[in-house]
Every structure is written in C-alpha cells, then in structure tokens.
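# What shape does this take:
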Amino acid sequence: MSDRAFIAQLRGYGLTTAEVHYYRPDAPSLLQLFVWQEYDVAPDFPVLFDFLDYWRREIEAALHSVRIAHQQLIGPAEWRAVDGVISIQ
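Numbers count the residues shown, from 1 in each chain. Here you go, the predicted model:
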C-alpha cells in the first residue's frame, strides 16, 4: 500500500487550497464561500482548473472569485534516495 498524497508530493505536486466565492442561484445577492483542497502542480494548476470547469458546467451557482494558496510540501533538497543501511544503536 502507498499513500496517494505522499506519492503525489514526490511527483512534484503540492497542497493547493482554493477559496471559491460564488452566488447562490436562489439568493443572487448572497455571496457564499466554498473551500477546496487537493494536490496540484503550480503554476498551471490543472486539477484546480478541471474542478472549476466542472463547476461552470454542472453547478448552477455563479462564480464570483477564486483565491489560491499553494505549498510545495516536499522539495528535492528535503528528500533523496539513499542506498545502504544505516544502523542506529
């Protein structure tokens, strides 16, 4: 078994958080907030843009704005493969 999030980070993905502000169809003067979080690749954010395309196609709520935060949790300097065995006594 492998952890999907860990494997994604090793492939260059980082944790992306998006605040999606939208108008409800039944109350167009009311602005709502939806928080979305997934592993994605900056600066292109293909996973986020797929989600936003789905939102525009399938959800009746109109988007107002999207605010994005991204953090690369594991970088190349922090993780490297080591050949050998290290004994700690």
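# Which strands or helices does the least confident helix or strand in the chain by mean pLDDT pack on?
Each helix and strand of the chain was given a mean pLDDT (mean pLDDT, DSSP states H and E); the minimum falls on helix 4-10 at a mean of 82. For helix 4-10, the packing partners by 3 or more Cβ pairs under 8 Å, 6 or more residues apart in numbering; DSSP states H and E come out as strand 27-40. No exception for glycine: its C-beta is placed from N, CA and C like everyone else's.
# Can I get whatever helix or strand comes next after the strand it packs on in CSV? Just the C-alpha atoms.
Downstream of strand 27-40, the first helix or strand assigned by DSSP states H and E is helix 46-58. The C-alpha atoms that make up helix 46-58 are tabulated as CSV, following Å, rounded to 0.1, in the frame of the first residue of the first chain:
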residue,chain,number,x,y,z
PRO,A,46,-4.5,21.5,-13.9
VAL,A,47,-6.5,19.8,-11.1
LEU,A,48,-8.0,23.1,-9.9
PHE,A,49,-8.9,24.2,-13.4
ASP,A,50,-10.6,20.8,-14.1
PHE,A,51,-12.6,21.3,-10.9
LEU,A,52,-13.6,24.9,-11.9
ASP,A,53,-14.6,23.7,-15.4
TYR,A,54,-16.8,21.1,-13.7
TRP,A,55,-18.3,23.8,-11.5
ARG,A,56,-19.1,26.0,-14.5
ARG,A,57,-20.7,23.1,-16.4
GLU,A,58,-22.6,21.3,-13.7
